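**Q** here's a sequence, model it:
(one chain, ligands or ions: 1)
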Amino acid sequence: MSRFWKPGTEKPRIIDDEEGGVLFYSASASSSSGYGFSSMEKQRQRLPVFKYRTAILYLVETRATTIIVGETGSGKTTQIPQYLKEAGWAEGGRMIACTQPRRLAVQAVASRVAEEMGVKLGEEVGYTIRFEDVTNNDLTRVKFLTDGVLLREMMDDPLLSKYSVIMVDEAHERSLSTDILLGLLKKIQRRRPELRLIISSATIEAKTMAAFFSTRRHRGPDNGPKKEPAILSVEGRGFSVQIFYVEAPIPDYLRAAVSTVLSIHDQEPMGDILVFLTGQDDIDAAVQLITEEAQSSRKQGLIVLPLYSGLPRADQDLIFSPTPRGKRKVVISTNIAETSLTLEGIVYVVDSGFSKQRFYNPGFDEHQSEITDIENLIVAPVSKASARQRTGRAGRIRPGKCYRLYTEEYFVKEMPAEGIPEMQRSNLVSCVIQLKALGIDNILGFDWPASPSPEALIRALEVLYSLGVLDDDAKLTSPAGFQVAEIPLDPMISKMVLASVEFGCSEEVITIAAVLSIQSVWFPGRGVQKELDEAKLRFAAAEGDHVTFLNVYKGFLESGKSSNWCHKNFVNYHAMKKVTEIRLQLRRIAQRLGIVLKSCESDMQAVRKAITAGFFANACRLEPFSHNGLYKTIRSSQEVYIHPSSVLFRVNPKWVVFHSIVSTDRQYMRNVISIDPSWLTEAAPHFYQRQLLNPNPSQV
Ligand SMILES: Nc1ncnc2c1ncn2[C@@H]1O[C@H](COP(=O)(O)OP(=O)(O)OP(=O)(O)O)[C@@H](O)[C@H]1O
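**A** A predicted model of the protein is given here:
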């Protein structure tokens with residue numbers, strides 16, 4: 001590998017100065033080394049963060065907010081909640097919360113901490129992610145949860161009064177929910193001086209966080225903890241990771257990742273490999289290429305596994321299971337494996353330098369070329385912070401190597417230090433409704449860690465107004481607005497569910513809502529695309545994908561929820577089980593909200609009308625005389641196509657609404673249903689003036 005790769009020269013950076021009235025605390029810690037710890041306790045004590053145990057507990061005792069910056073693998077996530085528990089912060093019925101941006105990390109870290117504490121997961125240590133609560137009201141003292149779930153908890157308990165300490169982990173990721181949460185926690189702190197916050201971040205971004213939480217402008221009474229945040233820098237990482245860069249830029253990261261994996265397998269000692277690519281498409285392609293190459297060159301011993309968020313639980317479990325002797329596991333993942341995960345056997349990391357990122361530009365200027373109006377996911381270069389996190393997945397249990405598929409010069413000179421906060425590149429419809437539901441009326445004046453653009457906020461307000469969720473004074477409408485906020489789904493899906501009552505099809509629409517909450521009902525078509533397409537045809541409905549999902553669900557029920565049936569029909573059994581579970585939970589929520597549950601039997605027009613009532617903002621019209629299936633969105637004339645995975649691909653009905661957009665070479669609509677344009681004006685008269693819907697006469 002040495003001809004292709006150049007070792008990196010970067011040294012770790014550490015904060016250790018005093019600046020701007022914020023305390024920077026630093027102490028030295030040596031890296032851990034050696035193998036074969038005799039017990040879990042010793043293993044815990046070898047982590048760099050252990051040297052800071054007293055300092056952390058002192059700061060939490062004396063400061064309202066403590067910001068902890070630590071290298072990846074130093075032990076922040078798994079140890080700090082345990083230190084807090086040991087120090088008594090979970091006594092007297094109180095709880096310690098630790099949030100993560102990603103569901104997979106929540107589950108993995110909670111399992112690890114339960115194991116370290118020697119308790120059963122779901123009792124003293126538990127976790128909650130959307131649609132999955134593994135906690136016990138009486139027993140759970142340390143709870144891991146996504147930041148989105150903690151936001152939801154605020155609806156029932158606005159001051160989060162059951163928590164004594166809330167640790168917001170991986171704050172440097174600046175996910176949309178993390179930023180909303182930080183803004184709200186700052187408000188809660190003013191009402192609950194006894195609440196302690198720990199913000200844990202892997203980067204220097206800590207200074208921005210400290211400035212945000214600095215309360216010097218509004219100092220309260222001088223009792224209780226000091227209000228100025230402290231920054232604690234935890235030095236030291238698990239084991240050393242040697243970084244290699246390519247010598248010259250590479251044209252195709254997918255092929256380069258595949259050949260790097262095969263070279264590692266050829267030339268490097270045993271140890272598992274973790275590869276970071278961008279999404280299910282390139283991950284499935286890489287899995288196939290590596291498997292084929294390994295077969296054709298008779299390379300033995302490779303187990304190649306994909307990892308992305310929609311993967312069924314059983315497949316995720318394979319990632320965590322020990323690698324059989326004499327074998328080498330290759331995990332090919334999106335950025336969900338980037339933070340907080342420890343995959344035990346990983347020694348080698350291959351970083352493509354790319355990830356799929358949300359992108360949204362709500363600009364109102366007609367001449368602006370990049371207006372998208374509709375949020376989509378695009379493949380974009382990652383930041384240095386992400387690159388370091390990826391490198392950190394090696395070296396957690398033993399020394400490792402990281403192969404970066406970009407040059408060192410690019411890393412040093414061009415790669416941005418931090419990503420742009422998600423808040424500034426997302427559609428804010430969900431964010432605005434959550435804040436409104438929490439009684440925050442002045443959204444534009446809200447104290448954000450990073451202000452979103454006023455245009456994005458205005459667009460969100462406009463959509464919510466058209467959905468009938470906000471009234472003329474931008475307050476939640478009653479009951480519709482409150483009901484939409486209460487349903488833990490994207491507001492457009494929630495609105496579709498509410499509208500289904502009017503059309504008498506709530507049972508069907510709840511099934512559709514459940515399917516839209518999972519990644520896909522189909523089994524990934526690795527190497528069997530033709531068979532998968534044929535299976536899809538058996539369920540295909542002329543109306544579109546949503547009705548097709550109803551057919552699949554019906555077939556699944558009629559088979560007695562049989563895994564055999566799923567296997568034969570290329571339907572993902574675990575996904576269908578999840579749909580059934582989510583459906584049950586949504587029915588319960590619907591009943592609580594007084595929604596009448598009713599089936600429309602075979603009246604699919606009713607179902608399509610309900611979908612339109614939620615998704616009218618995503619309406620598109622086929623371009624007159626289009627031979628290649630070109631559609632334009634009604635609102636912003638954006639060019640889009642039906643995704644090849646849709647049952648309407650090549651059918652191209654004149655008018656459609658879609659659920660989401662994915663960008664590859666083009667912008668593709670996923671989950672598409674045909675509609676009648678008159679339903680748009682019925683559903684959202686304010687949003688669609690009639691003339692918008694009339695095709696340009698010169699084109700017809
Ligand atoms: N499931 C596991 N199996 C074995 N060791 C683990 C496991 N989870 C964590 N560890 C050990 O604990 C160390 C610290 O993990 P932890 O997640 O607390 O680090 P961290 O500082 O939060 O890092 P990051 O920010 O990268 O997640 C790991 O490097 C590893 O040595």
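**Q** name the residues that touch the helix or strand hosting residue 579?
**A** Assigned by DSSP states H and E, residue 579 belongs to helix 573-592. When contacts are taken as Cβ atoms under 8 Å, 6 or more residues apart in numbering, the neighbours of helix 573-592 outside the stretch itself are 131, 310, 312-315, 486-489, 497, 506, 510-511, 513-515, 517-521, 552-553, 556, 561, 563, 566-567, 597. Heads up, the C-betas are built off the backbone N, CA and C, glycines and all.
**Q** which among those end up buried?
**A** Those of the contacts of helix 573-592 that meet the buried threshold are 131, 312, 315, 487-489, 497, 506, 510-511, 513-515, 517-518, 520-521, 552-553, 556, 566, by 16 or more other Cβ atoms under 10 Å.
**Q** ok, how many other residues are close to residue 206?
**A** Burial measure for residue 206: 24 neighbouring residues, criterion other Cβ atoms under 10 Å.
**Q** quick one, strands of the stretch 251-400 of the chain?
**A** The residue ranges that make up the strands of the stretch 251-400 of the chain, judged by DSSP state E, counting those that start in this stretch, are 272-276, 302-307, 328-333, 346-351, 354-359, 376-381, 400-404.
**Q** comparing the ones you listed, which comes out most buried?
**A** When neighbours are counted by mean count of other Cβ atoms under 10 Å, the highest per-stretch mean among the strands of the stretch 251-400 of the chain falls to strand 272-276, a mean of 28.
**Q** send me that one as PDB with only the CA atoms.
**A** Listed in PDB are the C-alpha atoms of strand 272-276, where the atom choice follows Å, rounded to 0.1, in the frame of the first residue of the first chain:
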ATOM      1  CA  ASP A 272     -12.000  -5.400  10.700                       C
ATOM      2  CA  ILE A 273     -12.500  -2.600   8.200                       C
ATOM      3  CA  LEU A 274     -15.000   0.300   8.400                       C
ATOM      4  CA  VAL A 275     -15.700   2.200   5.200                       C
ATOM      5  CA  PHE A 276     -17.500   5.500   5.100                       C
END
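**Q** in helices, which of the contacts of helix 573-592 fall?
**A** Of the positions in those, 313-315, 486, 497, 506, 510-511, 513-515, 552-553, 556, 563, 566-567 sit in helices, assigned by DSSP state H.
**Q** and the strands of the stretch 251-400 of the chain, which one averages the lowest pLDDT?
**A** Within these, the least confident segment by mean pLDDT turns out to be strand 376-381, at a mean of 82.
**Q** now do that strand: which elements does it pack against?
**A** Identification of packing neighbours for strand 376-381 by 3 or more Cβ pairs under 8 Å, 6 or more residues apart in numbering; DSSP states H and E yields strand 354-359, strand 655-663.
**Q** for residue 123, give me its contacts.
**A** Under the criterion of Cβ under 8 Å, 6+ apart, the contact partners of residue 123 comprise 114, 136, 139-140.
**Q** try residue 390
**A** Under the criterion of Cβ under 8 Å, 6+ apart, the contact partners of residue 390 comprise 276, 335, 338, 349, 351, 382, 402.
**Q** isn't the second one right up against residue 276?
**A** Just to be clear, that refers to residue 335. Yes: with contact defined as Cβ atoms under 8 Å, residue 335 and residue 276 form a contacting pair (6.6 Å).
**Q** okay, and the common contacts of those two?
**A** Common neighbours of residue 335 and residue 276 (criterion: Cβ under 8 Å, 6+ apart): 355, 390.
**Q** on that earlier part again, C-terminal to the helix holding residue 579, what's the next element?
**A** Per DSSP H and E, the first helix or strand lying C-terminal to helix 573-592 is helix 604-615.
**Q** quick one: that next one to chain centroid distance?
**A** Remark: helix 604-615 is offset 28 Å from the chain centroid, using Cα atoms, centre = their mean, to the nearest Å.
**Q** next one: stretch 674-686
**A** 32 Å.
**Q** ends of that stretch, what's the gap?
**A** End-to-end distance of stretch 674-686 (Cα to Cα, to the nearest Å): 22 Å.
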